[in-house]
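J.: Pasting a predicted model and its sequence here:
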Amino acid sequence: MYQFFVDPAQIDIPDRRVMILGEDVNHIKNVLRMRPGEEISVRAGQDGREYRCGILSLGEREVACELRFIKEDAVELPAEVYLFQGLPKGDKMELIIQKAVELGARQVIPVAASRCVVKLDERKAAAKRARWQGIAEAAAKQSRRAVIPEVTEVSSFARAVGRASEMDVALIPYELAEDMSRTKRLLEGIRPGQRVAVFIGPEGGFAEAEIALARESGIQPITLGKRILRTETAGLAVLSWLMYLLEA
């Protein structure tokens, strides 16, 4: 079943009507070629509810739907996971965002670490963020998420550390860290309701000064094993691990 996100104002519960506007109208009519009577899933991206609807009519600018029932879905991870991702080269960020959303990340924070090759000026950063947010929304639709995770503006490393230090658990995979059993204990100790920060370095990893700043702020370096993982692999490995532990 196809899922779409709408503004909460487009859901009229008393009248049992839901209106779909914008680019989804063309997608429903001309790409999916849906017809009146077919059922779709609609979410407001905020309240965790699924609004199951039947299509009533397809206009030029809107798709009118009948609200059939409301389903309280527990599709989100029990803990909120925030991925602080060092800016990678090329289009790797697009893959990282797509997969992070599928695996349950609540928010993706691009981080301009000292070893990042990519440097974005204000104009380029705004354009990139808009594209990244679109990828996050598409991934949220495909994976039937209850919310659309936000891709924030690019953050400095110091500002990212300051934000992460306020969360319940903050971890930073580091190639010089050791003791896999400690990594296991830290991940297995995460509980429902907690806010979890996960830092992932760019291709060159984190500088020693950045690791030192992270340590001083209570962010714990961890190892992900004996092999060095690429930047586009490391975050997904941690998110997969957390999904397994939290949803078991």
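T.: Arrived safely.
J.: To what extent is the nearest residue to Leu32 once chain neighbours are set aside buried, counted in neighbours?
T.: Excluding the flanking residues, the one nearest Leu32 by C-beta to C-beta, 6 or more residues apart in numbering is Tyr2, at 6.4 Å. (C-beta placed from N, C-alpha, C; glycine too.) Neighbourhood size, Tyr2 [other C-beta atoms under 10 Å]: 16.
J.: wait, isn't Tyr2 in contact with Glu39?
T.: No - applying C-beta atoms under 8 Å as the test, Tyr2 and Glu39 come out as separate, 9.0 Å apart.
J.: Provide a list of residues in contact with Pro221.
T.: Leu171, Ile172, Pro173, Tyr174, Leu176, Ala177, Ile211, Ala214, Arg215 (C-beta atoms under 8 Å, 6 or more residues apart in numbering).
J.: Among those residues, which are located in strands?
T.: Among those, the members found in strands (DSSP state E) are Leu171, Ile172, Pro173.
J.: Just the buried ones from the residues you listed?
T.: Judged by neighbour count, with 16 or more other C-beta atoms under 10 Å as the criterion, the buried members of the ones in strands among the contacts of Pro221 are Leu171, Ile172, Pro173.
J.: neighbours around Lys71, how many?
T.: By the criterion of other C-beta under 10 Å, Lys71 has 10 neighbours.
J.: Quick check: phi and psi at the closest residue to Glu102 other than its chain neighbours.
T.: Distance criterion C-beta to C-beta, 6+ apart; nearest residue to Glu102, sequence neighbours excluded, is Ser143 at 4.5 Å. Taking degrees, to the nearest 10, you get phi -90, psi 10 for the backbone angles of Ser143.
J.: can you list the domain ranges for the chain.
T.: For the chain, automatic domain parsing gives the domain ranges 3-72, 80-246.
J.: Averaged pLDDT, the longest one. What do you get?
T.: So that's domain 80-246. Averaging pLDDT along domain 80-246 gives 94.
J.: distance between it and the chain's centre?
T.: When C-alpha coordinates are averaged (C-alpha atoms, centre = their mean, to the nearest Å), domain 80-246 and its chain have centres 10 Å apart.
J.: Now do it: distance from first to last residue.
T.: Domain 80-246 has its terminal residues 11 Å apart, counting by C-alpha to C-alpha, to the nearest Å.
J.: I'm done for today, thanks for sticking with me.
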